[in-house]
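>>> got a predicted structure here, sequence first:
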Amino acid sequence: MRVHQNERLTLPGSVVAIGAFDGVHRGHQTVISEMVRTSRLEAVPSVVYTFYPPPRAYFQGAQILTNSDEKIQLLKDLGVDHVVLARFDEAYLQRTADDFIKELSLINPKAVIVGKDFRFGNNRAGNLTSLRGHFPVRSMNSICCAKGERISSTRIRELILQGKKEQALPLLGWT
C-alpha cells in the first residue's frame with residue numbers, strides 16, 4: 001500500500017472511498033471492503049481518501065479514535081492499495097468544491113463511495129448531486145450493530161467517554 005500525503009495521486013483508473021474513517025470501525029470496514037471488492041472487479045486500484053486530523057476533531061475538538069499511523073495500518077490490513085491522507089487544516093478548508101473535483105479527476109474514479117451526508121469544499125458547498133455530475137457515485141447506507149443501532153465514530157466516542165469501553169470495542173471490530 002502506498003500513502004500519499006503531500007503529493008497528488010494520479011491513476012488511469014480507480015475506485016475510491018472518501019471519508020474521515022476515524023476509528024476505522026465496523027461500519028467503515030464494510031464500506032472499505034466493498035470499495036476493495038469493487039476495485040478488484042473493475043481491475044483498478046482501490047483508494048481511500050481520508051483526512052488527518054478528522055474534521056470533527058478539527059472543528060469540535062472531538063477525541064481522535066485512531067492516529068494517522070494506526071489508521072494507515074488498519075487500511076492496509078483491509079487490502080487498500082492507496083491512501084490519500086489530506087492534512088485537514090485552514091489551507092485545506094479554503095479549497096473549493098471544484099478544487100476537490102479536479103483532484104479526484106486525477107485518479108479517474110470508476111466509482112466513488114461515500115456516506116449519504118457527504119459534503120466537500122469550502123463551506124461544504126459540494127454535495128452528492130455535484131459529485132454525481134462528474135463521477136459514478138454510490139452513497140452507502142449506515143451500518144448497524146446487532147441491536148439495530150447505527151455504528152458511528154461519534155457513538156463510539158460517547159461510549160468511551162461514558163466509561164463503556166466494553167460496549168465500544170465490538171463496534172470498532174479490530175481490538
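Perfect, thanks for sending it. No experiment lies behind these values; they were computed from the predicted model shown.

>>> centroid-nearest residue for the protein?
residue 19 (2.3 Å; C-alpha atoms, centre = their mean).

>>> elements contacting the helix or strand of the chain with the lowest mean pLDDT?
Within the chain, no helix or strand scores below helix 55-60, which has a mean of 83 by mean pLDDT, DSSP states H and E. Counting contacts by 3 or more C-beta pairs under 8 Å, 6 or more residues apart in numbering; DSSP states H and E, helix 55-60 packs against no other helix or strand. In short, each C-beta sits where N, CA and C put it, glycine included.

>>> if we can go back for a sec, and the residue nearest to the centre of the chain, how far from residue 51?
8 Å (C-beta to C-beta, to the nearest Å).

>>> picking that back up, contact partners for the residue nearest to the centre of the chain?
Neighbouring residues of residue 19 by C-beta atoms under 8 Å, 6 or more residues apart in numbering: 28, 31, 49-50, 114-115, 118.

>>> can you tell me which of those are buried?
Neighbour-count burial (16 or more other C-beta atoms under 10 Å) is assigned, among those, to 28, 31, 49-50, 114-115, 118.

>>> for the helix or strand encompassing residue 50, what is the average pLDDT?
Assigned by DSSP states H and E, residue 50 belongs to strand 46-52. What strand 46-52 shows for mean pLDDT is 95.

>>> pretty sure residue 103 sits in a strand.
No. Looking at residue 103 with DSSP: H, G, I helix; E, B strand; the rest coil, it is helix, so not inside a strand.

>>> isn't it right up against residue 8?
Yes. Assessed by C-beta atoms under 8 Å, residue 103 is found in contact with residue 8 at 6.5 Å.

>>> who has more neighbours, these two?
Using other C-beta atoms under 10 Å, the more surrounded residue of residue 103 and residue 8 is residue 103, with 15 against 10.

>>> pull the longest helix anywhere in the chain out as PDB, backbone CA atoms only.
Longest helix in the chain by number of residues, with DSSP state H as the criterion: helix 26-42. Taking C-alpha atoms only, helix 26-42 is exported to PDB below (Å, rounded to 0.1, in the frame of the first residue of the first chain):
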ATOM      1  CA  ARG A  26     -17.000  -1.900  11.600                       C
ATOM      2  CA  GLY A  27     -19.100   0.400   9.600                       C
ATOM      3  CA  HIS A  28     -16.100   1.800   7.900                       C
ATOM      4  CA  GLN A  29     -14.700  -1.700   7.400                       C
ATOM      5  CA  THR A  30     -17.900  -2.600   5.500                       C
ATOM      6  CA  VAL A  31     -17.600   0.400   3.200                       C
ATOM      7  CA  ILE A  32     -13.800  -0.100   2.600                       C
ATOM      8  CA  SER A  33     -14.300  -3.800   1.900                       C
ATOM      9  CA  GLU A  34     -17.000  -3.000  -0.600                       C
ATOM     10  CA  MET A  35     -14.600  -0.500  -2.200                       C
ATOM     11  CA  VAL A  36     -11.700  -3.000  -2.400                       C
ATOM     12  CA  ARG A  37     -14.100  -5.700  -3.800                       C
ATOM     13  CA  THR A  38     -15.400  -3.300  -6.500                       C
ATOM     14  CA  SER A  39     -11.800  -2.200  -7.400                       C
ATOM     15  CA  ARG A  40     -10.800  -5.800  -7.900                       C
ATOM     16  CA  LEU A  41     -13.900  -6.400 -10.100                       C
ATOM     17  CA  GLU A  42     -13.000  -3.300 -12.200                       C
END
